[in-house]
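**Q** model this:
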Amino acid sequence: MVGIWLLGLLLEVPYHLTPGVEPVSTRRLAVIGDSVTAGLGDAQTETWPRILAREHDIAVQDLSHVGDTVSTARQRVAETNFDAPLVLLEIGGNDVLGSTTPAEFRTNLDRLLTEVSAPGRQLVMLELPLPPFYHDFGRIQRTLAKKHGVKLVPKRVLLSILAGGDATLDSIHLSQAGQQQMADVVWGIVGPGYVSDLNEQ
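**A** Just a heads-up that it's a prediction; the model follows:
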């Protein structure tokens, strides 16, 4: 019994480590997300992709949209041209909270990652913090991240922001303080690639 427990613990360890990002070729970033990234449409709120662009001199193509599921995000990506060497995905929360079945989630996420993947492009995806009884979505995320070579950011990272006292408006959508925290956390993940690029210029 102890051996089984230890094996399970060892298999889980990689999913608790924040992935590293390799140096990029250009100072571009594409972001695919839902309202956690896009905000709720308040013009006075500076979203975290805009903060990244302003604070770190990178061109951010923000494809996030309120209400997007993996399926609608995939449609948005199909209609958009982008050449960013790094793509960050914060998507899937509306699938978990909505009517998407795990089978549909698997199919749509597989297609999205297939379409976004390109030679020389790095994909980084935020793991979903999940409510009880929704672990199938998490297993699917992990399986497809491995299949497509996606760097998966542990769910504790996003959860630590959402659980912050003044970071959200309603426990999900980010306040301005939360947007800044998210920008800082995301930069901690993707920044090393762009810092290397800047040092070479």
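**Q** For the chain, just list every one of the strands.
**A** 28-33, 59-62, 86-90, 122-126, 151-153 (DSSP state E).
**Q** can you list contacts of the last one?
**A** Outside of strand 151-153, the residues within contact range by C-beta atoms under 8 Å, 6 or more residues apart in numbering are 15, 18-21, 122-127, 141-142, 145, 189. For glycine as for every other residue, the C-beta is placed from the backbone atoms N, C-alpha and C.
**Q** Can you list the strands that that strand pairs with?
**A** Strand pairing for strand 151-153, determined by DSSP bridges: strand 122-126 (parallel).
**Q** I'd like the mean pLDDT over the strand it pairs with, please.
**A** Mean pLDDT, taken over the full extent of strand 122-126, equals 98.
**Q** Next, the angle strand 86-90 makes with the longest helix seen in the chain.
**A** Scanning the chain for the helix with the most residues, using DSSP state H, yields helix 176-200. In terms of direction (axes from the mean of the first three to the mean of the last three C-alpha atoms, to 10 degrees), helix 176-200 departs from strand 86-90 by 170 degrees.
**Q** looking at the strands of the chain, which is closest to residue 193?
**A** Closest approach to residue 193 among the strands of the chain (C-beta to C-beta): strand 86-90, 6.3 Å.
**Q** what angle do the closest one and strand 28-33 make?
**A** Note on geometry: by the same axes, to 10 degrees, strand 86-90 and strand 28-33 are set 20 degrees apart in direction.
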